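Peer 1: missing the sequence, but the structure's below:
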């Protein structure tokens, strides 16, 4: 590997053979990059995913393919890829995400021109077959620069994969929270705590094809993982300033309320609704006792995928 890699792409893979040909074509043909690196972390797929990756990346430089012999989940595997990355920036993706061909180039230029450690764009759930989605970004877009990254993340929506993050920031943040199965919430907040500057684009940088068996269909999983990401951030970083802790607690309470609304009869008569309303109107400092009670309830929830064997690739 050379030390002048500008972007390391980190893809976690688990049984996505149907999507991979289109995903890889778009990934390998990203424009305007000096020396990209491609890291694929397979979580013991049982289909032909690894064979397809090997076929499409044959002859490309800076390719790393890791074939794991056990299944651990998304967060540990994405951290495994982050630990192997050599680039100045890292862009992560799921193995069914399709990047517009010039999206990484545009994001990288924005990061460098504005001295931003993080760049996010939007995504579109297209409902189309993956073969229909190999294209460039179209039309003009606007972007917004926020010097204080963590409050910006907590006040906005920064949860989809496809973000571009400075590698040293992502590694300092220790990547995804391996106590949480889906990484979408934990990566932005953990990274933003160490970042100088974040850019939010109002243009789609990820095209999502027709989804088959996606975890986003399990709404209780999403509520669980959102809550855990914010709860863990509060307990891991009590040194954060009061306004930031209030925003984190507000997000945790909101995730819990969404869960209550789905699972309780007469949810609007519950204490959870009162706590939710209070924090919406006047954000409060975390009530650690209440936070732990909410966490204990989520920990007992059935039908939730959890990381049973954390890898700790970024803890060493």
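Peer 2: Structure received. Because the structure is predicted, anything quoted here is derived from the model rather than measured.

Peer 1: could I get the full set of helices for the stretch 101-250 of the chain?
Peer 2: Under the criterion DSSP state H, counting those that start in this stretch, the stretch 101-250 of the chain contains helices at 103-114, 149-155, 167-172, 186-192, 219-236, 242-263.

Peer 1: mind putting these in CSV, mean pLDDT included?
Peer 2: Shown next, in CSV, are these (pLDDT from 0 to 100):
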stretch, mean pLDDT
helix 103-114, 96
helix 149-155, 94
helix 167-172, 97
helix 186-192, 95
helix 219-236, 95
helix 242-263, 96
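
Peer 1: buried deepest among these, which one?
Peer 2: Across the helices of the stretch 101-250 of the chain, averaging neighbours per residue (mean count of other CB atoms under 10 Å) puts helix 186-192 on top, at a mean of 27. Yep, even glycine has a C-beta here, placed from its N, CA and C like the rest.

Peer 1: what about the helices of the stretch 101-250 of the chain, which gets the closest to residue 313?
Peer 2: Proximity to residue 313 (CB to CB) singles out helix 167-172 among the helices of the stretch 101-250 of the chain, at 10.2 Å.

Peer 1: chain center to that closest one, what's the gap?
Peer 2: Taking CA atoms, centre = their mean, to the nearest Å, one finds helix 167-172 lying 14 Å from the centre of the chain it belongs to.

Peer 1: which strand in the protein has the most residues?
Peer 2: Taking DSSP state E as the criterion, the chain has its longest strand at strand 196-208.

Peer 1: output the lowest mean pLDDT helix or strand found in the protein.
Peer 2: The helix or strand of the chain with the poorest confidence is strand 118-125; it has a mean of 90 (mean pLDDT, DSSP states H and E).

Peer 1: pull out the buried residues from it.
Peer 2: 118-121, 123 (16 or more other CB atoms under 10 Å).

Peer 1: that strand packs against which elements?
Peer 2: Judged by 3 or more CB pairs under 8 Å, 6 or more residues apart in numbering; DSSP states H and E, the packing partners of strand 118-125 are helix 103-114, strand 164-166, helix 186-192, strand 196-208.

Peer 1: I'd like those as a markdown table, with distance to residue 153 appended.
Peer 2: A markdown table is the format used below for the helices and strands packed on strand 118-125 (distance: least, CB to CB, whole Å):
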| stretch | distance to residue 153 |
| --- | --- |
| helix 103-114 | 16 |
| strand 164-166 | 12 |
| helix 186-192 | 4 |
| strand 196-208 | 7 |
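
Peer 1: looking at the ones you listed, which is nearest to residue 243?
Peer 2: Nearest of the helices and strands packed on strand 118-125 (CB to CB): helix 186-192, 14.0 Å.

Peer 1: for stretch 61-75, how far is the first residue from the last?
Peer 2: Taking CA to CA, to the nearest Å, stretch 61-75 runs 26 Å from one end to the other.
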